[in-house]
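K.L.:
Okay, here's the prediction I keep looking at, along with the sequence it came from:
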Amino acid sequence: MSTFLGMPVTAPSGVGNLRGDRTFPEAAHDALADGQLRRNLRHATTTIRGKSGRVIAELPDWQELRTAGSAIKASVLARLPELLEQLEERVVAAGGVVHWAADANEANAIVTDLVRATGSERVIKVKSMATQEIGLNEALEAAGIQPVETDLAELIVQLGEDKPSHILVPAIHRNRSEIREIFLRAMPGVDPGLTDDPPVLAAAARKYLRETFLSTRVAVSGANFAIAETGTLAVVESEGNGRMCLTLPDTLITVMGLEKVVPTWQDLEVFLQLLPRASTGERMNPYTTMWTGVTPGDGPQSFHLVLLDNGRSAVLADRAGRAALHCIRCSACLNVCPVYERTGGHAYGSVYPGPIGAVLSPQLTGVEDNASLPYASSLCGACFDACPVKIDIPSMLVHLRDKAPHSRMERAVMRAAAYTMNHPRLYARAQRAAKLARIAGRRGRGLPPPLSSWTTARDLPEPPEQTFRDWWARR
Amino acid sequence: MNSRELILGRVRAALRDEPVPAPVPREYRRSFPAADLELLVSRLIDYKAEVHRVGEDAVAATVSGIVGGTVVVPEGLPVSWRPAGALVDEDLAPDRIAAADAVLTAAAVAVAETGTIVLDASPDQGRRIISLLPDTHLIVLRPEQVVASVPEAVARLDPSRPLTWISGPSATSDIELNRVEGVHGPRHLHVLLLDRTAAG
Amino acid sequence: MRIALFATCLADTLFPEAAKATVRLLERLGHEVVFPFEQSCCGQMHVNTGYQRDALPLVKRYVSVFDRYDVIVAPSGSCVGSIRHQHSLVASNCGERGLAARAQDVGSRTYELSELLVDVLGVEDVGARYPHRVTYHPTCHSLRMIRVGDKPLRLLRQVRGLELVELPAAEQCCGFGGTFALKNAETSAAMLADKLTSVVATGAEVCTAGDASCLMHIGGGLRRKETGVRTVHLAEILAST
């Protein structure tokens, strides 16, 4: 197959963290069997739903803000080339350097080369979905550069040699006592008398990272927003680790998905109201840093912005799927999803878990590489209602299911079912045949898969003596 | 073809259906009553900041009452606000700032509805590093700097300046999604809200 | 009023009492119910499983069978959701623009039972009597796709003798999700287990809902666990006297 230059392409395989090595049902099997994990997830998602619901209810214009946020993002996608060029021009004018990365490999190479050029053998990192997506840490390590995650949850994941399971709170699957154990085991110099009191755990992370912040000359970040009109970048955070990374080093490298650009400075008035309330359930997150290029005498004196495609242009090419690029990574959809609450994030195999991951990951990789993800939803619609930028995730899942590869067996069954339903006599005959299901009994003895999976947890309905249409015909 | 042209080409190809950018309906609240200082105070307290209502002439004494030891101040901070022995930031080395007990700055804007204070690195606020490393941050806020809402704050700010939006002390929600105050940024945030009558 | 009944394939085949109750209820309220025999299935299962092409003939069938009626009712929030929100999309995705427009139009005349009663017929007290302790599960598509809101509850509150008990975490999905229950059977079962716990905690004798499909799932779980709680379609309660 040949693709000519300039055609949208999906994210390459063999690099980054967009593909799992198991299907969703296989991976979910393990998570469902882990009672501690399910208790942790239930506790955390219930907490955040409550908090978020309360602060959203304080705003009389939440729906109007959602509408505006959605419209701004739609307009960004429609105007993407022009906005990216404008952003580049403004960042360069303000003293920054802009790089374009067609995929994960190119982005990793650009960042690695930039770090090498500084002579630093260590980088401090602010939590960033884009750099997790491309597997930057793995690439830096392969080049002999040590990436240090500074976000508390990322630190828990890194020290625990674990994988992130949530967009906002990558260690959501861990409770306080598990975090204490990880710190005791893996955090150099930790106080052996460490308790599992959350402020004590946070203080341990503060002490551990302080010296690293002060002595590392290069930082890598993502970006929540980039303003085309002004060239301003914004990072929204809580702990102050972001401020450390964005302020203290000499060199700052920001890796940002193409879709994070927004047209105007004024647009931030919408997203700064939507994001914290939908995300951590706060009226405003503790810290947001905004910077434009380089400010002499204040902060990093060398700033690089890496604009990342890595499959985004392929997402953009699908009219019915492109709105997945509206996502502002708040994770509200994860927190309300009944599937996520029970399986956790690892089951999705990609750095983007939950409902948004179920639509975004298959689009970034091509649906054949994440074919089970569009089915990892009961289509209950809670995600759509929770999304601060109104991404219609259920409709998008249905759309992706239509594009997903189907097994020959399933296709044959579905064809036959549709054919039967469309031929009244066959349909009536099939309805009467349903009565024969009685021989399977209510526990469904001897039913073939996938029907047998119904009867593992549920009885079969008792087939009636008479169908409705037979009753109607005889009344 | 370089990556820039490649990516822009891909994006243009992806938009072959020529979606029309619709005007953004901005029907959310955009005009607001005067800022409610009591609301600001309650929001600040809710996120574990401490608030002191003082006259401008009492700033220095109030600061001294809150923290002993070294207090870093930016070069442009009004002299009358500085506590005795204040350490003026004349390009201080990071470890000296980190060793200080507190930092005292002015602010650019505050948002009552969210309990947010924004610093824009003006001379009375200084470099971003000074308000980051000490464990206690004291901010002097003038009532006329307080706006009711986020849109008003965005409109007042100059994006070409480095901006730091602060809502309470450093915090995290990373342990069981509960907010816990005190991680890498200052663990104590004091807001000295000047009396309206005393405002300059 | 003359009302066409779309029984839905599931009620027609496995849960005829829900469709019969719809007929009895509407006739008792003085309306004429017609049942076009050529109807079959709305095609939702095909659409939601990734077979829009295969659903197209079913969309065509629905539109051609029901186009001639002013008011259509179905005792299922999820089938109505599919008809109203997916039919025209399937048609246009398959390049059938004329059909898409007609589907949109027929969809706008298709009502879920509680919508028909409250919005179109303007009744909340349907004169029913049902002396049981009942809890109501608001199915996802009724709640979030067609947004019936509290209409079913308003109808249930007027039923004589009925004691309505609130279902904890009512708005959480029961885990059915059509073929989701087969493709992700373990996750579906985990969601169901929590729903069953909530239902049992109410102490209700009966769990009701506006969708036979979710009730088949919940009811199958309740029977398997031998809880003694029955599932009864909303239409059957409203038809009881």
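P.N.:
Now that the structure is in, tell me what you want to look at.

K.L.:
on contacts alone, who are the packing partners of the lowest-mean-pLDDT helix or strand in chain B?
P.N.:
When the helices and strands of chain B are scored by mean pLDDT, DSSP states H and E, strand B:178-181 comes last with a mean of 81. Applying 3 or more CB pairs under 8 Å, 6 or more residues apart in numbering or on different chains; DSSP states H and E, we find strand B:178-181 packed against helix A:198-215, strand B:171-175. For glycine as for every other residue, the C-beta is placed from the backbone atoms N, C-alpha and C.

K.L.:
Is any residue of the longest one near chain B?
P.N.:
Yes - against chain B, helix A:198-215 shows contacts by CB under 8 Å from any CB of the partner chain at A:P198, A:P199, A:L201, A:A202, A:A203, A:A205, A:R206, A:L209, A:R210, A:F213, A:L214.

K.L.:
Quick check on those residues: which are buried?
P.N.:
A:P198, A:L201, A:A202, A:A203, A:A205, A:R206, A:L209, A:F213 (16 or more other CB atoms under 10 Å in any protein chain shown).

K.L.:
Reformat the residues you listed into JSON lines and put pLDDT next to each item.
P.N.:
What follows is these, written out as JSON lines (pLDDT from 0 to 100):
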{"residue": "A:P198", "pLDDT": "92"}
{"residue": "A:L201", "pLDDT": "93"}
{"residue": "A:A202", "pLDDT": "91"}
{"residue": "A:A203", "pLDDT": "91"}
{"residue": "A:A205", "pLDDT": "91"}
{"residue": "A:R206", "pLDDT": "91"}
{"residue": "A:L209", "pLDDT": "94"}
{"residue": "A:F213", "pLDDT": "96"}
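
K.L.:
contacting residues for residue 103?
P.N.:
If you meant another chain, say so; for now it's chain A. A:V9, A:A11, A:P12, A:V15, A:D309, A:N310, A:G311 (CB atoms under 8 Å, 6 or more residues apart in numbering or on different chains).

K.L.:
The chain in question should be chain B.
P.N.:
By CB under 8 Å, 6+ apart, the contact list for B:V103 reads B:V71, B:V72, B:V73, B:I97, B:I130, B:S131, B:L133, B:P134, B:T136, B:H137, B:L138, B:P186.

K.L.:
Test my guess that the third one contacts B:L87.
P.N.:
Yes - counting by CB atoms under 8 Å, B:V73 sits close enough to B:L87 to count as a contact (7.0 Å).

K.L.:
SS state for the residue of chain C most remote from its centre?
P.N.:
Distance from the C-alpha centroid of chain C peaks at C:G95, with 29.1 Å (CA atoms, centre = their mean). At C:G95 the chain is in coil, as set by DSSP: H, G, I helix; E, B strand; the rest coil.

K.L.:
What does it show for phi and psi?
P.N.:
phi 80, psi 10 (degrees, to the nearest 10).

K.L.:
So which residue is dead centre in chain B?
P.N.:
Closest-to-mean residue, chain B, CA atoms, centre = their mean: B:V118 / 3.0 Å.

K.L.:
repeat for chain A
P.N.:
Most central in chain A (CA atoms, centre = their mean) works out to A:Y352, at 2.8 Å.

K.L.:
ok, that one to A:A171 distance?
P.N.:
According to CB to CB, to the nearest Å, A:Y352 stands 17 Å off from A:A171.

K.L.:
try B:L104
P.N.:
Taking CB to CB, one finds B:L104 at 35 Å from A:A171.

K.L.:
how would you label the closest residue to C:Y62 other than its chain neighbours: helix, strand or coil?
P.N.:
Excluding the flanking residues, the one nearest C:Y62 by CB to CB, 6 or more residues apart in numbering or on different chains is C:C42, at 5.9 Å. Secondary structure state of C:C42, per three-state DSSP, is coil.

K.L.:
count of neighbours near C:C42?
P.N.:
By other CB atoms under 10 Å in any protein chain shown, the residues close to C:C42 number 28.

K.L.:
got the contact list for it?
P.N.:
C:F6, C:T8, C:C9, C:L58, C:V59, C:Y62, C:A74, C:C79, C:S82, C:I83, C:H87 are the contacts of C:C42 under CB under 8 Å, 6+ apart.

K.L.:
Tabulate the helices and strands packed on strand B:178-181 (a markdown table), appending distance to chain C.
P.N.:
Output for the helices and strands packed on strand B:178-181, formatted as a markdown table (distance: least, CB to the nearest CB, whole Å):
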| stretch | distance to chain C |
| --- | --- |
| helix A:198-215 | 26 |
| strand B:171-175 | 23 |
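
K.L.:
okay but A:A314 is in contact with A:V9, surely?
P.N.:
Yes - counting by CB under 8 Å, A:A314 does reach A:V9; the two are 5.9 Å apart.

K.L.:
what about those two, which has more around it?
P.N.:
A:A314 (22 against 19).

K.L.:
Make sure the more buried one is indeed in a helix.
P.N.:
Yes - under three-state DSSP, A:A314 falls within a helix.

K.L.:
before we move on, back to that, quick one: contacts for the residue nearest to the centre of chain A?
P.N.:
By CB under 8 Å, 6+ apart, the neighbours of A:Y352 are A:L18, A:M129, A:E133, A:I167, A:L360, A:S361.

K.L.:
how close does the residue nearest the centre of chain C get to chain B?
P.N.:
The residue lying closest to the centre of chain C (CA atoms, centre = their mean) is C:S76, at 1.6 Å. Shown here: C:S76 relative to chain B, a distance of 34 Å by CB to the nearest CB, to the nearest Å.

K.L.:
now A:M409
P.N.:
Distance from A:M409 to chain B, by CB to the nearest CB: 35 Å.

K.L.:
And for that residue, the neighbour number?
P.N.:
Counted with other CB under 10 Å, A:M409 comes out at 9.

K.L.:
mind checking how far whichever strand or helix holds it is from the chain centre?
P.N.:
According to DSSP states H and E, A:M409 maps onto helix A:408-421. Chain-centre distance of helix A:408-421: 34 Å, with CA atoms, centre = their mean, to the nearest Å.

K.L.:
what's whichever helix or strand comes after that helix packed up against?
P.N.:
Following helix A:408-421 in sequence order, the next helix or strand is helix A:424-433 (DSSP H and E). Under the contact criterion of 3+ CB pairs under 8 Å, 6+ apart, helix A:424-433 touches helix A:408-421, helix C:9-13.

K.L.:
May I see those helices organised as a markdown table, with mean pLDDT added?
P.N.:
A markdown table is the format used below for the helices and strands packed on helix A:424-433 (pLDDT from 0 to 100):
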| stretch | mean pLDDT |
| --- | --- |
| helix A:408-421 | 95 |
| helix C:9-13 | 96 |
